[in-house]
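J.: Could you look at this predicted model? Sequence included:
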Amino acid sequence: MSARAHMPVGQEAAAAKGWIGAHRFLLLRRASQLFFLLLFLLGPWLGIWIVEGTLAGSRTLGVLPLTDPFILSQSLIAGHWPELTALIGGLIVLVSYALIGGRVYCSWVCPINPVTDAANWLHRRLNLPKGWQPKRGTRLWILASVLIVSGLTGVIAWEVINPITMLHRGLIFGMGFVWAMIAAIFVFDLFVARHGWCGHLCPVGAFYGLIGAKSLLRISAANRMACDDCMDCYAVCPENQVISPALKGKPGSSPLILSPDCTNCGRCIDVCAVDVFQFTHRLDDRVVTPSEPATAPEPRTARLI
Amino acid sequence: MPLAGTPLSPQRRRFLQETARAAGGCVVAGSLLAYLARSARALPAEALRPPGALPEEDFLSACIRCGLCVRDCPYDTLKLAELGAGSGATGTPYFTARDVPCEMCDDIPCVAACPTGALNPALDVIDDAKMGVAVLVDQENCLNYLGLRCDVCYRVCPVIDEAITLEPSHNTRSGHHAIFAPTVHADRCTGCGMCEKSCVLPEAAIKVLPARLARGRSATHYRKGWEEKAAKGGPLVEDVIDLPDRLPGPGTDNLAAPGGYEPGYNLPGLGQ
């Protein structure tokens, strides 16, 4: 095990599936992040107004309103009953993410994700210690605090410092001092805490996690019998506490990753050389049983050579 | 009853410790956030909110900072406050009258664009907007107050002769000219900023200020006697004898009465 645990993450998968195959969802995810950003930027850059506004609130093709339900919740608690447009927009977003997984927002849309992913990439390359690791539940505490502060101050509190909407708005309307804030998050994730911001602190991620707690779209470790304990999925997963119940569950337990913390990023699918994981829906709890024992993983010593 | 010194339950103790720790951290972080949220309310006087904006304390509970009002402003008047730029809560819309004033579109597209009602849709006539109040802040440099006929602020005012009028008075410097003082009537001024934008001086003598700075407020119990009298159509107190006013002057005994004066010198031989 130790020999393979020291191999670069995803090397085996790349050998088995090719580089593209081992980075399929990463590439798709970057394309998705770029796509959503470009939708907003086409207007101010090229005068093609498909989507106007920001992630906080937008209007697509002049008709479809979308509103961030977390901002809307703070607004309600702060004492403002929004107009119908914003409420409809919030509802559309809420229902969509409730179906496909709330934290799909984090990994497929949020513009901070490339920043923290880059920090994490460098963090791994430099072999830095994981640093400060507050409990994963810390973000829920922060979420509660944000809602309480919104109520007490009558201000949509998180928008005072929300780096997601600040970066997004900065790119579309003008950055100001936002660069410093983004640099701060990068440095925080690089040196202070591994997966610190998105994985432990961000209340937006916590909120979307709660929205999508019962989402349909899920990743399943359906082929978990084939797992050869290379640990690459644990190494690559930004929320790796979600894997064990599905992958290492007792026989008969569900292979579905049901934790609301899972961002449906699909990197576990990418880095697995034996294709343990797959996207599916939450009612599909089938476990693939190997047809013949011969397909069981070869001893790793043999494969290393 | 457990023995003294024996923990009741290690799990219970750890749970309580961790909860206390998280709650403590939240109090610290929450206080910091509350401080930032409160200080975000400080809107600089030069930053004016778009038409129909709710009062500042309500505005920050309603504005989601999406920028759709900015997108629909046909004159690029509105901007979103940038972080650290000192133009109000970050991401909220504002305009600077001296740079680009509000053109007061009849269909008020910024209000129509607002999804949350932070710009109040109840505003349907732009002349009712209250973005601020113009104040002639510097009478010493205003050309009209110097006796010239600049009149630019008056001419450009979209609510001319109602929001700004020219009030003539005697020019005591020259002795035989008039001063046409630009005079703002706050109940009709929308705060669009056309006057401030157009002031010909290097630094405008007329400026749009938020109402909190521009206006005083009369006490609620004050009554203006002449208005009450006109409303009633007669004296407010019956049977008050109106004595004739006695003006001071020669031949009266009222030379030194209040409002009167002592002669500079007395002619000799007139006694006293």
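T.: Yep, that arrived.

J.: Would you agree residue B:174 is in contact with residue B:148?
T.: No - the criterion here is CB atoms under 8 Å, and residue B:174 misses it with residue B:148 at 11.2 Å. For glycine as for every other residue, the C-beta is placed from the backbone atoms N, C-alpha and C.

J.: Quick check: which element contains residue A:166?
T.: Under DSSP states H and E, the secondary-structure element containing residue A:166 is helix A:163-173.

J.: ok, and what's touching that helix?
T.: A:37, A:40-41, A:44, A:54-56, A:68, A:71, A:110-112, A:115, A:159, A:176, A:178-179, A:181-182, A:185, A:197, A:202, A:204, B:65, B:67, B:70, B:79-80, B:82-83, B:90-91 (CB atoms under 8 Å, 6 or more residues apart in numbering or on different chains).

J.: which among those end up buried?
T.: Neighbour counting with 16 or more other CB atoms under 10 Å in any protein chain shown marks A:37, A:40-41, A:44, A:54-56, A:68, A:71, A:110-112, A:115, A:159, A:176, A:178, A:181-182, A:185, A:197, A:202, A:204, B:65, B:67, B:70, B:79-80, B:82-83, B:90-91 as buried within those.

J.: mind listing what residue B:188 touches?
T.: Neighbours of residue B:188 in contact, by CB under 8 Å, 6+ apart: B:127, B:159, B:162-163.

J.: What are the buried residues along the lengthiest helix in chain A?
T.: Using DSSP state H, we find that the single longest helix of chain A is helix A:24-46. For helix A:24-46, burial by neighbour count (16+ other CB under 10 Å) applies to A:24-26, A:29, A:33, A:36-37, A:40-41, A:43-44.

J.: What helices and strands are in contact with that helix?
T.: Here helix A:24-46 touches strand A:51-54, helix A:113-125, helix A:163-173, helix A:267-271, going by 3 or more CB pairs under 8 Å, 6 or more residues apart in numbering or on different chains; DSSP states H and E.

J.: and that helix, what's its mean pLDDT?
T.: Per-residue pLDDT over helix A:24-46 has a mean of 96.

J.: Also stretch A:67-86?
T.: 97.

J.: Need the distance between the two termini of that stretch.
T.: One end of stretch A:67-86 sits 6 Å from the other (CA to CA, to the nearest Å).

J.: Centre of the chain to that stretch, how far?
T.: 24 Å (CA atoms, centre = their mean, to the nearest Å).

J.: Contact partners for the residue of the stretch 101-250 of chain A found nearest chain B?
T.: Closest residue of the stretch 101-250 of chain A to chain B, CB to the nearest CB: residue A:176 (2.8 Å). Residue A:176 makes contacts with A:170, B:82-85, B:90, as judged by CB under 8 Å, 6+ apart.

J.: So it: helix, strand or coil?
T.: Three-state call for residue A:176 (DSSP: H, G, I helix; E, B strand; the rest coil): coil.

J.: so what's the residue nearest to it when sequence neighbours are not counted scoring on pLDDT?
T.: In space, and not counting its chain neighbours, residue A:176 is closest to residue B:82: 2.8 Å by CB to CB, 6 or more residues apart in numbering or on different chains. On pLDDT, residue B:82 comes in at 91.

J.: which residues touch residue B:82?
T.: For residue B:82, the contacting residues are A:170, A:173-178, B:90, by CB under 8 Å, 6+ apart.

J.: who touches whichever helix or strand comes after the helix holding residue A:166?
T.: Using DSSP H and E, the helix or strand that follows helix A:163-173 in sequence is helix A:178-187. Helix A:178-187 is contacted by residues A:112, A:115-116, A:118-119, A:161, A:163, A:166-167, A:169-170, A:197, B:82-83 when judged by CB under 8 Å, 6+ apart.

J.: Point out the residues in the stretch 151-300 of chain A that sit beside chain B.
T.: A:152-161, A:165-166, A:169-170, A:172-178, A:181 (CB under 8 Å from any CB of the partner chain).
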